[in-house]
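[1] sequence first, predicted model second:
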Amino acid sequence: DTGVSQDPRHKITKRGQNVTFRCDPISEHNRLYWYRQTLGQGPEFLTYFQNEAQLEKSRLLSDRFSAERPKGSFSTLEIQRTEQGDSAMYLCASSSDRGPSYEQYFGPGTRLTVT
Amino acid sequence: DQQVKQNSPSLSVQEGRISILNCDYTNSMFDYFLWYKKYPAEGPTFLISISSIKDKNEDGRFTVFLNKSAKHLSLHIVPSQPGDSAVYFCAASADNNDMRFGAGTRLTVKP
């Protein structure tokens, strides 16, 4: 198992453009989480999937953000009409419901820079 | 609202000595606490956890202590090694999914 993977690792975009990130969780994990981390801060929870169902969304997730996990495997996070304030590291994590979901395994993240 | 706080942004210790990283929280509903370690260009890696029904959990060189009355937990690393140099995040959860993280403490272990 190669762990949680995220693509791309870096993304530079101009303000107003749309971006999409992909996360591939650990294969046997049915829970998937998205976080955002800004400089000098810890990860902030954005949303959570159990299989293909999106069960929880943070108020940080504005209408410009949408996440999907159509087949309960990989997930995508799309940001529409990006703003400079969206510049951050976007982290994906996964866990199994057979163990404590507290123990989440993180990917390396996608660093977004909005110019 | 910063429900999990790590008030020391950095800590430097000598190799072989003890490292003590501290974390405070405000939400009394938190029932599970974790420490994650993060190296540059990598995602956080789970290190050790503790349930609110315990006050201590030990795993090799790493021990986490929980003081519920003070809403305080700490991570002890002994002996510290240069490879322990990383950013350490404290995290807490109240409902098994929505995990709150502190801002992190950068630990430097000097040879």
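    Done, it's in. Numbers count the residues shown, from 1 in each chain, chains lettered A, B, ... in the order given.
[2] okay, now the unreliable bits of chain A?
    A:1, A:99-101 (pLDDT under 70).
[3] for chain B, what are the nearby residues on it?
    For chain A, the contact set with chain B under Cβ under 8 Å from any Cβ of the partner chain comprises A:4, A:31, A:33, A:40-45, A:48, A:55-56, A:58, A:91, A:93, A:100-109. Any C-beta I mention is one placed from the backbone N, CA and C, and that applies to glycine too.
[4] can we see that at 10 Å?
    A:3-4, A:6, A:9, A:31, A:33, A:35, A:37-38, A:40-45, A:48, A:50, A:55-56, A:58, A:89, A:91-93, A:95, A:97, A:100-109, A:111 (Cβ under 10 Å from any Cβ of the partner chain).
[5] out of these, which are buried?
    Among those, the ones that count as buried by 16 or more other Cβ atoms under 10 Å in any protein chain shown are A:4, A:6, A:31, A:33, A:35, A:37, A:41-45, A:48, A:50, A:58, A:89, A:91-93, A:95, A:100-102, A:104-109, A:111.
[6] restricted to helices, list the residues you listed.
    Members of these lying in helices (criterion: DSSP state H): none.
[7] from B:Phe65, how far out is the most centrally placed residue in chain A?
    Taking Cα atoms, centre = their mean, the centroid of chain A lies closest to A:Trp34, which sits 3.2 Å from it. As for A:Trp34, its distance to B:Phe65 is 31 Å (criterion: Cβ to Cβ, to the nearest Å).
[8] pull the contacting residues for B:Asn57.
    B:33, B:48-51, B:63-66 (Cβ atoms under 10 Å, 6 or more residues apart in numbering or on different chains).
[9] ok, which of these also contact chain A?
    B:33, B:49, B:51.
[10] now render those as CSV, adding secondary structure.
    Below are those laid out as CSV (DSSP: H, G, I helix; E, B strand; the rest coil):
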residue, secondary structure
B:Phe33, strand
B:Ser49, strand
B:Ser51, strand
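[11] just the buried subset of these, please.
    Buried members of those, counted by 16+ other Cβ under 10 Å: B:33, B:49.
[12] circling back: among the buried ones among the residues of chain A next to chain B, which ones are in strands?
    A:6, A:31, A:33, A:35, A:37, A:44-45, A:48, A:50, A:89, A:91-93, A:95, A:105-106, A:111 (DSSP state E).
[13] give me the next element, helix or strand, following the helix or strand of chain B with the lowest mean pLDDT.
    Ranked by mean pLDDT, DSSP states H and E, the weakest helix or strand in chain B is strand B:99-101, scoring a mean of 90. On the C-terminal side of strand B:99-101, the closest following helix or strand by DSSP states H and E is strand B:105-110.
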